[in-house]
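>>> turn this into a model:
(2 chains)
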Amino acid sequence: MYPDTKELVASLASIMSISGQEERGREALCSLLQPYFDEYIPDPSGTHIFVKRSGRENAPKLLLDAHFDEIGMMVRDITEEGFLRVVSIGGLDRRILPAAEVLIYGKETLYGVIGAVPPHLQKAGDHKKTPKIEDLLIDTGYDGETLRSLVDIGTPVGFYEKTASLLGSRICGRSMDNKACCAAAVLGAAMVKKEDMAWDLYVTLSAREEVGMASGCSAAAYRIRPDAAIVTDVTFAAAWGVREDESGKMGAGPVLSLSAVTDRRLTEGLLQLCGLRDIPCQTCVDACDTGTNATMLSLVGAGIPTAVVSVPITSMHTYNETVDTVDIEHAAALFAAAAGEGGLHP
Amino acid sequence: MKQNWTTLSLLEELSCTFGPSGCEEAVADTIRAHIAMYCDEILPDPMGGVLARIRGTGAAVPGPVAPRRLMLSCHMDEVGFMVRSITEEGLLKIASMCGSDTRVLAGRRVWVGSAASQVRGVFGVKPLHLIKSEDRDNALDIDELYVDIGAESRQAAEEMVHVGDFGTFESDFISFGMDDGYIKGKALDDRLGCAVLCSVMRQVYEREICPCCDLYFAFTCREELGISGARTAAYKIDPDYAIVFEATAAGDISGTSEYRQVARLGMGGAVSLMDRSTIYDRPFTDWILQTAREENIPCQIKQYVSGGNDAAHIHKSRTGVRCAAISAPARYIHTASNVVAKKDIVSIEQLAMAVINRLCGEKK
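A predicted model of the protein is given here:
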């Protein structure tokens, strides 16, 4: 038995994991994923390591990395009138912030609205400019004194939008980047039968990718010392003027990255596997940089052959990122095939 | 016939109802279902409004403000948009009916369809990673905004949505803040006025209040377009006095100097003296303010000349109508996240009742 894809994504997305806060949801995450793994290893980097063992002696180790952290904000000021000022964590899209809804993870989880300046107070042309993060005010509905007892400088602030369905198999909501790929990794681990496993499978739901440090995945990989690694992350979908040759088509399967920083032999192995098992997939050229954990991961220790398998997403870094669950399921099928008998060659 | 509702529960139902300008049927149906038994008749309105009459006794009104017919008006419609075309890829291009600030559209979840049924969509954006860095500072133009309903092609989209269909925000109705004293939702401008007036009608009925003059409750269409359904409603009702129940942009957030604020949340309904389209009748307005003072009902003066409402048309109807306006101070109007204070809803309803009570003769 393995979980329903949308439900799994929604459950993962409901666990707040703004970069630097990845450990806060450990209990919820472990109880959610415990049925699919043999072991959980905490890591001081904030990365969550889940292991599914083959039971074979000296089995090679396959690392499947999906960053667990999400973009968000952090409180830097609490005004007398009960409004919050924030800094951004990761690359927030400022164009979507006016009147956006947020959750403030203080002593209690509070609801808030990002303020928008009413038209009569705007100067001519103001409505053509996106607000600067430093000018944003979050309306909490509290007075300053009460708010200070509930929220501290440094309290994380995330978006409100829960996972919701669009037509067909598409879903939208906050943090599809990268909970969609976390779900693909977990689903892949759930799908591979233990008796068929040729590899020990290490799924790292890693910390601090969105802030460009990749420290979470590197630390965990150093601990695990895998023989090969697959990084799974979101990639741009072809929509809204995104060029087709720098993006993937939604619903057409996972996107395998052709890049100078990834391992071509491993990537070709995965492509062949897709062909053999009838798993729809596509490729994308990321010549110098995949924009994922792959670069840092491949340099851990004496080096780790690494491939990148992505799920196409629209509206990246907004609170309504959209993905197709079909792509998640095909990516999962590929991961399960890779770890299984007749899958990837060590 | 709906029973066991409160002003707040009705406001939640109305806030979550689909009703952009020109597509108010679902809101009108909800209102009719709540008020039908509390009025003497509902007048037919070709514009789609709900015009309800409570007959007066015909006795002389005791006070200095002595209407023949009092119109209590609010509008049912909300800001929204219309589907202009559907692209090859199945994305919807839209015409905004939200005013000029498109920044509050990008990224939002919306409903698209007709009064009968809608599908969910998202105002998607090109990812910021792939745009020029200077463009990150520029708001998206309406031409750059598309609604994605998840359709894979134009054909798939056309099975669900048609050119000319309407759209509004999707937004949960949420209580928040100190003692859960605030509400966030879409269309509180002006479903709040609708909920208050429904509640007032029920109170008049249940407390057997007998006003001397006729009371007309007008739930109007298309206010947000400025092509006011209140204009034709006022013609039909032919009132000599009218009070508009509205929501007004408060502008009371941190960092806004007090002199630039319009009104403050939690301080009661904001009574207008002047806005961009109406100078309100001063004796009538003063009488309302005096009523509030004498009954200890919180209220405030709208302190900035901004905005406009259905009074723009009502006060010019026929030979002229003495108009007043009482607005709930609201933050972030014309977005998916209107914020109001629950206290103000109570104060406005109390003030409306106090006004009606003063239009009653001596108890028999």
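
>>> per-domain residue ranges of chain B.
Structural domains assigned to chain B are B:7-78+B:186-357, B:80-169, following automatic domain parsing.

>>> using TSV, lay out these together with mean pLDDT.
Below are the domains of chain B laid out as TSV (pLDDT from 0 to 100):
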stretch	mean pLDDT
domain B:7-78+B:186-357	95
domain B:80-169	91
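
>>> deepest-packed of those, please.
domain B:7-78+B:186-357 (a mean of 21; mean count of other C-beta atoms under 10 Å in any protein chain shown). Glycine gets a C-beta too; all of them are placed from N, C-alpha and C.

>>> what residues are up against whichever residue of the stretch 1-150 of chain A sits closest to chain B?
Using C-beta to the nearest C-beta, the single residue of the stretch 1-150 of chain A nearest to chain B is A:Gly141, 1.7 Å away. Counting by C-beta atoms under 8 Å, 6 or more residues apart in numbering or on different chains, A:Gly141 touches A:82, A:111-112, B:176-178, B:181-182, B:339.

>>> what helix or strand does it sit in?
Using DSSP states H and E, A:Gly141 falls within no helix or strand.

>>> return the distance of the closest residue to it other than its chain neighbours relative to A:Pro3.
Closest residue to A:Gly141 apart from its sequence neighbours, by C-beta to C-beta, 6 or more residues apart in numbering or on different chains: B:Gly177 at 1.7 Å. Noted for B:Gly177: a distance of 36 Å to A:Pro3, by C-beta to C-beta, to the nearest Å.

>>> next: B:Asp180.
Applying C-beta to C-beta to B:Asp180 and A:Pro3 gives a distance of 34 Å.

>>> neighbour-wise, which of the two wins?
Taking other C-beta atoms under 10 Å in any protein chain shown, B:Asp180 and A:Pro3 do not tie; A:Pro3 has more neighbours (17 against 12).

>>> ok, that one - contacts?
A:186-187, A:190.

>>> for those, pick the one with the most neighbours.
Most surrounded of these: other C-beta under 10 Å gives A:Val186, at 29 neighbours.

>>> that residue and A:Leu8 touch, don't they?
Yes - using C-beta atoms under 8 Å, A:Val186 is in contact with A:Leu8, at 6.5 Å.

>>> overlap in contacts of those two?
Counting by C-beta under 8 Å, 6+ apart, nothing touches both A:Val186 and A:Leu8.

>>> where's the residue nearest to A:Gly141 relative to A:Leu150, distance?
11 Å.

>>> find the residues that touch each one of those two.
A:Tyr142.

>>> so those two - more neighbours on which side?
B:Gly177 (26 against 16).

>>> B:Ile35 should be in a helix, yeah?
Yes - counting by DSSP: H, G, I helix; E, B strand; the rest coil, B:Ile35 is located in a helix.

>>> wait, what's in contact with it?
B:Ile35 neighbours (C-beta under 8 Å, 6+ apart): B:50, B:52, B:198, B:201-202, B:217.

>>> tell me how far it lies from chain A.
As for B:Ile35, its distance to chain A is 31 Å (criterion: C-beta to the nearest C-beta, to the nearest Å).

>>> residue of chain B closest to chain A, please.
Counting by C-beta to the nearest C-beta, chain B gets nearest chain A through B:Gly177, at 1.7 Å.

>>> identify the farthest-apart pair in the contacts of B:Ile35.
B:Val50 and B:Arg202 (14.7 Å; C-beta to C-beta).

>>> rewinding a little: near chain B, which of the contacts of A:Pro3 show up?
With C-beta under 8 Å from any C-beta of the partner chain as the criterion, the contacts of A:Pro3 include none near chain B.

>>> report the central residue of the chain.
Just so you know, I chose chain A. A:Asn178 (1.5 Å; C-alpha atoms, centre = their mean).

>>> think we crossed wires, I meant chain B
Short answer for chain B (C-alpha atoms, centre = their mean): B:Asp190, at 1.1 Å.

>>> which non-adjacent residue is nearest it?
B:Asp190 sits nearest to B:His75 (C-beta to C-beta, 6+ apart), 4.7 Å away.

>>> show me the beta-bridge partners of the one you found.
When assigned by DSSP bridges, B:His75 has beta-bridge partners B:Thr220.

>>> who's in contact with it?
So B:His75 contacts B:190, B:193-194, B:219-224, B:228-230, B:246, B:309-310 (C-beta under 8 Å, 6+ apart).

>>> hmm, try it at 10 Å
B:19, B:21, B:24, B:27, B:49, B:189-191, B:193-194, B:218-224, B:228-230, B:233, B:244-247, B:309-310 (C-beta atoms under 10 Å, 6 or more residues apart in numbering or on different chains).

>>> same question for A:Leu137.
Counted by C-beta under 10 Å, 6+ apart, A:Leu137 has contacts A:77, A:79, A:81-86, A:112-117, A:131, B:253-256.

>>> show me those residues that map onto strands.
Among the contacts of A:Leu137, the residues falling in strands (DSSP state E) are A:77, A:83-86, A:112-114.

>>> give me the buried entries from the residues you listed.
A:83-86, A:112-114 (16 or more other C-beta atoms under 10 Å in any protein chain shown).

>>> can you give me the buried ones in stretch A:86-95?
So, applying 16+ other C-beta under 10 Å, buried residues of stretch A:86-95: A:86, A:88-95.

>>> so does stretch B:109-120 get close to chain A?
Yes - judged by C-beta under 10 Å from any C-beta of the partner chain, stretch B:109-120 and chain A are in contact via B:109-110, B:119-120.

>>> now those residues in TSV, with secondary structure?
TSV is the format used below for those (three-state DSSP):
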residue	secondary structure
B:Arg109	strand
B:Val110	strand
B:Val119	strand
B:Arg120	strand
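
>>> what's the closest of these to A:Asp286?
For those, the nearest to A:Asp286 is B:Arg109 (30.6 Å; C-beta to C-beta).

>>> ok, that closest one touching B:Gly121?
Yes - judged on C-beta atoms under 10 Å, B:Arg109 makes contact with B:Gly121 at a distance of 7.3 Å.

>>> which neighbours do these two share?
Joint contacts of B:Arg109 and B:Gly121 (C-beta under 10 Å, 6+ apart) are A:166, A:172, A:320, B:147, B:170.
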